[in-house]
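Colleague: Got a predicted model here, sequence first, then my questions.
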Amino acid sequence: MTKAKKIVLAIAMLVIAGLLVYVAVSGGALGTVKCQDCDGTGMIDGVPCETCSAECETCEGHGAIEGALCEDCHGFGRIAGDGTVQGSAWALLPPIIAIALALITREVYSSLAIGIVVGGLMYANFDVLKAMDAVTSNGLISAVSDTAGIFIFLVELGIIVALINKAGGSRAFGTWAAKHIKSRTGAMLATFVLGVLIFIDDYFNCLTVGSVMRPVTDGHKISRAKLSYLIDATAAPVCMIAPVSSWAAAVASYAEDGQGLKLFIAAIPYNFYSLLTFVFIIAICIMGFDYGSMAMHEYNAQYKGDLYTVGERVDQDIEDDGVNPNGKVIDLVLPTLFLIFVSVFAMVYNGGVLDGVPFLDAFGETDATVGLPWAGAVALVFTIIYLMLRKIVTFKEAMEQIPKGFFAMVPPILILTLATALKNMTTLLGAKYFVAHLMSGAAVQLANFLPAIIFLVACLLAFATGTSWGTFGILIPIVLSIFPTGELEIIGISACLAGAVCGDHCSPISDTTIMSSAGAQCNHINHVSTQLPYAITVAVVSFISYIVAGFAQTWYIALPVGIVLMILTLFLIKFIYRNRQKAIKAEG
């Protein structure tokens, strides 16, 4: 770490310590806001509000004692609260601390751990023993149990990748691609197109695209940071505009029965962040330039052959270990296609498609944390059998790839565990209730500016918490309540969804960001720091587009304006960047 960074880190630690002392003295973390579900009354239709009430201790929530009605809760099993819930702006402090430290130190594990501990201390009002209970039970243990299915899928996919590498499938695909994809631009656009085609689920998208395209981008000297960005910039955005995806199903579940999918589809033309991200990727690939720290990574990859620039070379050991020279392209393509097919089937099967549930509705009922591990297990067995029948991998060699595939996925599993634990601590502190209270107080006279405001709030919330699903889960009910039915309501929903994707895209603690790093096998902080300038550029243009949409209230005006602004912005950045490069060379 340079001297300047050490000074910045020391200042940051002093600021953090000062904020914690203030929170401890003022008790700010334990602040309350009015419960939005019961409007502060504590009751809903004569029944204690589930959100702000508490379980009756007398009858332990049963509503009766030895067959007699509980006198304390009158049979409800819950005691009505005072209409308030815990929540304040301080709830966002732990993730902000973790993100700031990660960007300063470029060390993600300790940064996330510090954020978790800070959240536990704030939740326990700085009682150390209670804080440790919260960190362990509500944070880490809950994080592992909530994401166990994704952990299993990560390991399964890591083993499949190791098997394909061992069989020589990746090398054969890289050789084939080198003959057919002639340029760096073609390799980047091919990565983008594949990412768009795999729109079923973002986790699956990140890991599959990374596994397939790494040999291609490596062959054309595209940095791992750029590959990570291309994966991340297509995964969540394409899922957010695809009606047949796990994301569409999740969004639809928050609207009234029968209206969710219709509302989601109507909002697609207004999802400026997702659509403009695609415009950004295509334009920057064709224009052939990069800016920010990405430019350094791409320069080193193209002219020095260094795909990483800084940080660990996370996949060298796997790639160089006894690859079979007889591997063919089909040895990569067939297992990948089978995995895609069985993943789609597993998700709709989990959603009840064989029980008569319509295909689209099955996505609404599915659980990706169950469906994807199910599919991964089947695909893994298929891959082992197929490669053994091809006689390019023996049974012993196949079994040797199991620990190698697991070890390759240890970093993303650790990061995902810590990031999920941090989200859990933020939830305990009532972040969602604070944001709901903040949004519900929006002035009616700002209605035309509300889409832009909602986009900004969703960005900040998703960035701080690292979850797009959690963000639109909080904001969609609020948006539906504050907007009148009509075009402005649709624009408000789309702003919420776009902001959630944007914040999730930028956040170092986002699961999609973590998966993108894993898929490209790139240092996580390298990925975050290089994609931030790109994501922020699209976010600024999207914010302006939502202001236009708030007044025009037609997508065929607002979207073209956004596209033109995006392209003009890139030309301006390219002009400034080239002039700056010329000035630096002239001074040198």
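Modeller: On my side now, so go ahead.

Colleague: counting contacts, what elements does the longest helix anywhere in the chain pack onto?
Modeller: Longest helix in the chain by number of residues, with DSSP state H as the criterion: helix 555-587. Packing partners of helix 555-587 (3 or more CB pairs under 8 Å, 6 or more residues apart in numbering; DSSP states H and E): helix 272-287, helix 524-552. Placement of C-beta: from N, CA and C, glycine included.

Colleague: quick one: which of those helices is nearest Ala362?
Modeller: helix 272-287 (23.7 Å; CB to CB).

Colleague: any idea how far that closest one is from the chain center?
Modeller: 19 Å (CA atoms, centre = their mean, to the nearest Å).

Colleague: helix or strand right after it?
Modeller: Next helix or strand after helix 272-287 toward the C-terminus (DSSP states H and E): helix 293-304.

Colleague: pLDDT of that following helix, averaged?
Modeller: Averaging pLDDT along helix 293-304 gives 91.

Colleague: One more: stretch 44-64?
Modeller: Average pLDDT, stretch 44-64: 80.

Colleague: contacting residues around it?
Modeller: Contact with stretch 44-64 is made by 35-38, 41-43, 65, 69-73, 75-85, as judged by CB atoms under 8 Å, 6 or more residues apart in numbering.

Colleague: let's see 7 Å
Modeller: The contact list for stretch 44-64 (CB atoms under 7 Å, 6 or more residues apart in numbering) reads 35, 37-38, 42-43, 65, 70, 72-73, 75-81, 83-85.

Colleague: still on that earlier bit, between the helices and strands packed on helix 555-587, which one is closest to Leu121.
Modeller: helix 524-552 (25.1 Å).

Colleague: and the angle from the closest one to helix 272-287?
Modeller: Angle of helix 524-552 versus helix 272-287, following axes from the mean of the first three to the mean of the last three CA atoms, to 10 degrees, is 120 degrees.

Colleague: what's helix 524-552 packed up against?
Modeller: Packing partners of helix 524-552 (3 or more CB pairs under 7 Å, 6 or more residues apart in numbering; DSSP states H and E): helix 224-239, helix 272-287, helix 293-304, helix 450-465, helix 487-506, helix 511-520, helix 555-587.

Colleague: how far does it sit from the chain's center?
Modeller: Worked out by CA atoms, centre = their mean, helix 524-552 lies 15 Å from the chain centre.

Colleague: Also stretch 165-183?
Modeller: Using CA atoms, centre = their mean, the offset of stretch 165-183 from its chain centre is 29 Å.

Colleague: what sits up against that stretch?
Modeller: The contact list for stretch 165-183 (CB under 7 Å, 6+ apart) reads 164, 187, 190, 215-216, 218-219, 318-319, 323-329, 331-332, 387, 392-393, 397, 401.

Colleague: Point out the other helices and strands that the helix or strand hosting Ala421 packs with.
Modeller: For Ala421, the host element (DSSP H and E) is helix 410-428. Secondary-structure packing of helix 410-428 (3+ CB pairs under 7 Å, 6+ apart): helix 93-105, helix 108-123, helix 142-167, helix 511-520.

Colleague: which residues touch the next helix or strand after it?
Modeller: Later in the chain than helix 410-428, the nearest helix or strand by DSSP H and E is helix 431-440. With CB under 7 Å, 6+ apart as the contact definition, helix 431-440 has outside contacts at 33-34, 36, 85-89, 91-92, 457, 461, 465, 474-475, 478, 482.

Colleague: before we move on, back to that, pick the most deeply packed of the helices and strands packed on helix 410-428.
Modeller: Greatest average neighbour count among these goes to helix 511-520 (a mean of 28), per mean count of other CB atoms under 10 Å.

Colleague: Which entries within the contacts of stretch 44-64 meet the buried criterion?
Modeller: By neighbour count, with 16 or more other CB atoms under 10 Å, the contacts of stretch 44-64 hold 35, 37-38, 42-43, 70, 73, 76-81, 83-85 as buried.

Colleague: Among these, which are located in strands?
Modeller: With strands defined by DSSP state E, the entries of those inside them are 43, 78-79, 84-85.

Colleague: Dump those residues to TSV, plus distance to Tyr291.
Modeller: Output for those, formatted as TSV (distance: CB to CB, whole Å):
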residue	distance to Tyr291
Met43	56
Arg78	55
Ile79	58
Thr84	47
Val85	44
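
Colleague: Between all of those residues, which two are at the greatest distance?
Modeller: Pairwise over these, using CB to CB, the maximum falls at Arg78 and Thr84, 15.5 Å.

Colleague: give me every residue that touches the closest residue to Gly519 other than its chain neighbours.
Modeller: Nearest residue to Gly519, sequence neighbours excluded (CB to CB, 6 or more residues apart in numbering): Gly210, at 2.5 Å. Going by CB under 7 Å, 6+ apart, Gly210 touches 231, 519-520.

Colleague: With Phe449 instead?
Modeller: Taking CB under 7 Å, 6+ apart, we find Phe449 in contact with 547, 550.

Colleague: please redo it, this time with the cut-off set to 6 Å
Modeller: With contacts defined as CB atoms under 6 Å, 6 or more residues apart in numbering, the neighbours of Phe449 are Gly550.

Colleague: and if you look at Ala235?
Modeller: Ala235 touches 202, 205-206, 512, counting by CB under 6 Å, 6+ apart.

Colleague: so which two of those are the farthest from each other?
Modeller: Greatest spacing in the contacts of Ala235, by CB to CB: Asn205 and Thr512 (8.8 Å).

Colleague: Now do the longest helix of the chain against helix 450-465, angle only.
Modeller: Using the same axes, to 10 degrees: helix 555-587 against helix 450-465 is 50 degrees.

Colleague: Next, the buried residues of helix 555-587.
Modeller: Buried residues in helix 555-587 (16+ other CB under 10 Å): 555, 558-559, 561-563, 565-567, 569-570, 573-574.

Colleague: just these now: which is nearest Leu416?
Modeller: Checking these one by one against Leu416 (CB to CB), the nearest turns out to be Met566, at 31.8 Å.

Colleague: got a pLDDT number for that closest one?
Modeller: 96.

Colleague: Over to the one 5 residues further on?
Modeller: Phe571 is assigned 94 on the pLDDT scale.

Colleague: same question, Ala421
Modeller: Ala421 is given a pLDDT of 87.

Colleague: Now do the same contact list for Val212.
Modeller: Thr336.

Colleague: Ok, Ile491 next?
Modeller: 270, 451, 549.

Colleague: Kindly recompute the last result at 10 Å.
Modeller: By CB atoms under 10 Å, 6 or more residues apart in numbering, Ile491 lies in contact with 266-267, 269-270, 272, 448, 450-452, 454-455, 479, 483, 546, 549-550, 552-555, 558.

Colleague: Which residue is the nearest non-sequential neighbour of it?
Modeller: Pro451 (4.7 Å).

Colleague: Can you get me a residue count around the one you found?
Modeller: 34 (other CB atoms under 10 Å).

Colleague: Hmm, it is touching Leu497, no?
Modeller: No: counting by CB atoms under 10 Å, Pro451 stays clear of Leu497, with 11.3 Å between them.

Colleague: Overlap in contacts, the two.
Modeller: With CB under 10 Å, 6+ apart, Pro451 and Leu497 have common neighbours 270, 479.

Colleague: sorry, back to before: mind checking the helices and strands packed on helix 410-428 for the one nearest to Leu422?
Modeller: Proximity to Leu422, assessed across the helices and strands packed on helix 410-428 by CB to CB, is greatest for helix 108-123 (5.0 Å).
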